[in-house]
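Participant: Fold the stuff below for me.
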Amino acid sequence: MSRRDLLVEIGTEELPPLSLLELSTAFAEGVGNGLTAVQLKHGRVLPYATPRRLAVHVKGVSEQQPDQEISRRGPPVSAAFDANGAPTRAALAFAESCGTDVPGLKRVQEPKGEFLFFTGRKPGTAARDLLLGIVQRALDALPIARRMRWGDGDAEFVRPVHWVVFLFGNEVIPGRILEVETGNVTRGHRFHAPKPLRISSPGSYAGALQKRGYVVGDFATRRQMIREGVQRVAAEAGGDALLSDKLLDEVTALVEWPVPLAGHFEPRFLELPREVLVATLQDHQRYFPVESQGRLLPAFVAVSNIESRDPAQVRGGNERVVRPRLSDAAFFFDVDRKRPLAERVPELSRVTFQARLGSLGDKTGRVRELASELAGRIGGDAALASRAAELAKCDLLTAMVGEFPELQGTMGRYYALHDREPDEVAAAIAEHYLPRFAGDALPATTIGLAVSIADKIDTITGIFAVDQKPSGTKDPFGLRRAALGVLRMLIERKIDLSLPDFLKAAHDRIRADIARSDAGGSNKPPPEATAVVSSVYDYVMERLRAYYLEGNGGFTVTTEMFDAVLANKPASPVDFDARLRALSEFLKLDAAASLASANKRIANILKKAGTLPEGRAQAELFKHDRERDLSARLDSLGVEANRQFAGREYTEGLRTLAGLREPVDRFFDEVMVMDEDAAVRANRLRLLGSVRNAFLEVADLSRLPGQA
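Facilitator: Numbering: from 1, shown residues only. Modelled structure (predicted):
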C-alpha cells in the first residue's frame, strides 16, 4: 500500500513559552496515537514548535486503512424464522443492517444455541477522509489550562490561530481547523520574512522555514544552537555562561531565529548577593549570567530574536533594561538591612496565612514550639530552632522578597547574618523551605531539618483540619510537595519520628488557633484530632507510595509490597523504610513464594472461620505430628525472630522465619484445619493465627501475589 508524508502546522500568535514544549510533545503524540488508533500505518513523528507555531511531520502515512474482516452475530435462528420457515422481521432487519439479504447470512451453532451470522469484508477508509478528525481530536486533547476565543468565532485555543498548513504528500487536505481554512502557506519570521511562504511538500517544510523563513522550527535544534552560541559569547566575554535547563527551554520557546549577544553592567552591582544578581538576570530578564572561577562577572548573554544590522543598538537596549532592575535590587538590599529581622516579627500577625488558621504570626508561634521540640529529639539546640522558626518568615515582609519572591529564605539568611544572628539560625532560615521540588537538596543542618519539618507538618495538618485538603489537580498550599519533603527528610536523614504523635502535637496547637478564629461567629465544630491525624497520615503515606513506586528508594517496590507493609501502619517512616527493605530482601529467598502463599491461605481460612479463638494453641489438643512439628518450630524460631524484630533487624527476623517453610508446607499437605471436633478445629486456627502474627510483625504477606 502506497504511503505519503503528513504535515500539519497550526500558526498562532505568540504561544506561552513555559508550556510550548509540553504542547508540542502532546500534539505530536496525539496525532501519532490517532493514526495508530484508526490503523493507519506510519513512520516517525517529528514535532516542531516555535513561538508562533505548533507543527507535526509524520513520515510514511498509509493512504488507506486495511480492509477489515467483519463478523456480526444476529438473532437466534428460532426467532429469525417463523413456523413456515419464512424470515421474520428480526432476520430481515439484521440482513439489511449488514447490507445483504437473508440467504447471504450464515448459521452458526454456539453453546447458547444456533444464531444467524454475517461475515464480510469492509474496505478500509481513505486516509484523507480521516486526517482532519485525527488532528482535531489531538488539538482538543492538548493540556491547555485556559482556552481563549478571538474575533466573532466560537473556536477555542491557547492563542488566536491565523493559518493552518495541512499537507498529505503534495495534496492539501481541504477543510477547516479552529475555523481557519487549511492550505499550504505558512509564515516565516515576523520581521526577517514577513511574506507568505508556500510549502510544496512535508519533507521540504523544515528546510524552507529555515532557509527562506528565518525560522529554526525544530525545538531541540534551536535549543542546541542557543546553548552553543551562549557559551561562545560568554567565552568571548571572559567567562562561562550559567546554563540552567529551565532557562534554556524558556529562551528557546521565545525566539525563532536566535542571536546571542553579550551585555555588561556596572561592577558595583557585584556587591549584591549572588542569588540577587542571578534572579535579576536569569528569572526576570531571561539573560544568562557569566562567571569565571565561581565568581560572577559584570556581564551577561542575551538571546535576541532578530539578526540586527546594528548589534550595538540591541546590546545597548538590553543593558538599559537590566541597569534599573539592578539599581532597584541594590536599593532594596540597603533599605532592608536598616531594620533587623526581629523587628518584623510583630508584623507577621498582620498577614493572614489562612482564614481559620490565623496569621503568619500564629503559624510562626506553632512552628516555634514544634521545631523546638523536634530539635531536642534529634540532637539539635532547641533554643536555636525556636529562634530560627521565629525569624523564618520575616523576610517575606522585606522589599527585596516583595520584588523577588523566589528569594524567600535566601534573603532571610543574608539579613540574619547581617543582624549577627547565630550561623545555625541563618542557615535554618534558608533551609526551612527545602526541599522546594522533587529531587531538590535537603536541609544540611539539624536546626534546618527541625524547622522545615515543623513548618510543613503545621501546614499539612492545618489545611486538613479546616477541611481544605487538595482535590484533583488543585493544591494551592503545595501539600503534596510538602508531604514528600517531610518523608524525604525523615527517611533520608534517618529521623526516627512517630508521625501520628507529631501530627497530634501539631493539631493540638492548631485546634486552639482555629477555636480562636471561629469565636467570631463560625458555627463549624472544632475538628476532632483522631480523624484529622488519621486523614493526614493516610495522605502522607500515599505520597510515600509514589516515592517508592517511582524508584526513589533505590530498590524495586511493587504496589503489593507497599500495601503489605502499610497494613501494619508503622508510625515512623524510617521504620516503614526498614520493613520495606527487609521485605524486598525476604522475597529473594527460595522460601518466600511458598510462605507468601501460605499466609494468603491462612488469611482466607481465618476470615472464613470468623472470630479467631483467643490464646495460644494447646499441645494437648494436637492430634497430628505435623501440628506438633509446626508448633515446636514456631516456638523455637519465634523467640529469635521476636528479638530481632524488637531491634528492627527485620531482614534477619524474616530470614529466621523463612525456616517455617517446610513445617508449614507439610501441615497444609497432611492436616485438615476444619476438623469435625470443634476444640481441635479451634486449636488449629490458633496455631495458624500464631504463624500469621509472626510475619505480621513486619508485613502482611497475605497481600503479596500468590495462590491461596
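Participant: Isn't R107 up against T119?
Facilitator: No - R107 is not in contact with T119 according to Cβ atoms under 8 Å; the separation is 11.8 Å. (C-beta placed from N, C-alpha, C; glycine too.)
Participant: Which of the helices and strands in the chain ranks last by mean pLDDT?
Facilitator: For the chain, scoring each helix and strand by mean pLDDT, DSSP states H and E identifies helix 592-609 as the least confident one, at a mean of 86.
Participant: any idea how far that one is from the chain center?
Facilitator: Taking Cα atoms, centre = their mean, to the nearest Å, the mean C-alpha location of helix 592-609 is offset from the chain mean by 35 Å.
Participant: Which helix or strand lies directly C-terminal to that helix?
Facilitator: Proceeding N to C from helix 592-609, the next assigned helix or strand is helix 625-646, under DSSP states H and E.
Participant: Not counting its own residues, what contacts that following helix?
Facilitator: Contacts made with helix 625-646 from outside it, assessed by Cβ atoms under 8 Å, 6 or more residues apart in numbering, are listed as 617, 619, 622, 650, 652-654, 656-657, 659-660, 663-664, 666-667, 669-671, 684, 687, 690-691, 694, 697-698.
Participant: Pull out the buried residues from those residues.
Facilitator: Burial of the contacts of helix 625-646 was assessed by neighbour count (16 or more other Cβ atoms under 10 Å); the buried members are 617, 622, 650, 652-654, 656-657, 659-660, 663-664, 667, 671, 684, 687, 690-691, 694, 697-698.
Participant: what's the longest helix belonging to the chain packed up against?
Facilitator: Counting residues, the longest helix found in the chain (DSSP state H) is helix 311-336. For helix 311-336, the packing partners by 3 or more Cβ pairs under 8 Å, 6 or more residues apart in numbering; DSSP states H and E come out as strand 259-264, helix 274-278, strand 295-304, helix 399-403.
Participant: To F331, which of the ones you listed lies closest?
Facilitator: Of all those, it is helix 399-403 that lies closest to F331, at 8.0 Å by Cβ to Cβ.
Participant: now that closest one, how far from the centre of its chain.
Facilitator: Centre to centre, stretch against its chain (Cα atoms, centre = their mean), the figure for helix 399-403 is 30 Å.
Participant: Over to stretch 262-274?
Facilitator: If you compare the mean C-alpha spot of stretch 262-274 with that of the full chain, they lie 37 Å apart, counting by Cα atoms, centre = their mean.
Participant: Show me which residues of the least confident helix or strand of the chain are buried.
Facilitator: Along helix 592-609, these residues count as buried under the neighbour rule (16+ other Cβ under 10 Å): 592, 594-603, 605-606, 609.
Participant: JSON lines for the residues you listed, including distance to E550?
Facilitator: As requested, the buried residues of helix 592-609 are arranged in JSON lines below (distance: Cβ to Cβ, whole Å):
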{"residue": "A592", "distance to E550": "24"}
{"residue": "S594", "distance to E550": "30"}
{"residue": "L595", "distance to E550": "28"}
{"residue": "A596", "distance to E550": "24"}
{"residue": "S597", "distance to E550": "29"}
{"residue": "A598", "distance to E550": "31"}
{"residue": "N599", "distance to E550": "27"}
{"residue": "K600", "distance to E550": "27"}
{"residue": "R601", "distance to E550": "32"}
{"residue": "I602", "distance to E550": "32"}
{"residue": "A603", "distance to E550": "29"}
{"residue": "I605", "distance to E550": "36"}
{"residue": "L606", "distance to E550": "35"}
{"residue": "A609", "distance to E550": "39"}
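Participant: for P273, phi and psi?
Facilitator: Dihedral pair for P273: phi -60, psi 140, per degrees, to the nearest 10.
Participant: Can you name the residues in contact with the least confident helix or strand of the chain?
Facilitator: Everything outside helix 592-609 that qualifies as a contact, by Cβ under 8 Å, 6+ apart, is 586-587, 612, 657-658, 660-661, 664-665, 668, 673-674, 685, 688-689, 691-692, 695, 700-702, 704-708.
Participant: same deal with stretch 340-359?
Facilitator: Residues outside stretch 340-359 that contact it (Cβ under 8 Å, 6+ apart) are 360-364, 390-391, 393-398, 412, 415-416, 419, 421, 462-463, 465-466, 468, 477, 510, 513-514, 516-518, 522, 524.
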